[in-house]
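[1] need the 3D shape of this:
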Amino acid sequence: MANHKSAEKRARQNIKRRVRNKSVKTRLKHTIKDVHLAAGASSKEEAQSNLAAAQSAIDNAAKKGVIHKKTAARKVSRLSKLVNKVNT
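    As a prediction, the model looks like this:
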């Protein structure tokens with residue numbers, strides 16, 4: 001455990017941030033999974049609506065610094081490409 005007051009505060013902050021980042025990452029994974037499932041079921045309308053939700057979650061995670069900006073762009077690009085391939 002930390003011995004200095006500033007190190008104790010830093011440890012507390014790290015715990016809070018870890019919990020916050022975990023919830024953001026989990027939400028991200030779930031929304032991406034929904035897009036993949038809808039695309040696999042060949043449901044274009046559902047896939048597009050799930051894509052919008054996933055894109056929002058990805059952008060939010062990038063804004064908060066949970067994932068890198070370029071990682072977010074890559075994920076959105078790949079999901080868009082997947083949804084565009086789905087036949088109606």
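[2] grab the nearest non-local neighbour of residue 31.
    residue 54 (4.0 Å; CB to CB, 6 or more residues apart in numbering). All C-beta atoms are positioned from the backbone trio N, CA, C, and that covers glycine.
[3] quick one: contacts for the residue positioned nearest the centre of the chain?
    The centroid of the chain falls nearest to residue 28 when counting by CA atoms, centre = their mean (2.8 Å). Contact analysis of residue 28 by CB atoms under 8 Å, 6 or more residues apart in numbering lists 54, 57, 58, 61, 66, 67.
[4] recalculate using a threshold of 6 Å.
    57, 61 (CB atoms under 6 Å, 6 or more residues apart in numbering).
[5] surely the residue nearest to residue 31 touches residue 30?
    No. The pair residue 54 / residue 30 is not scored as a contact, 9.1 Å apart, by CB atoms under 6 Å.
[6] remind me, longest helix of this structure?
    helix 5-40 (DSSP state H).
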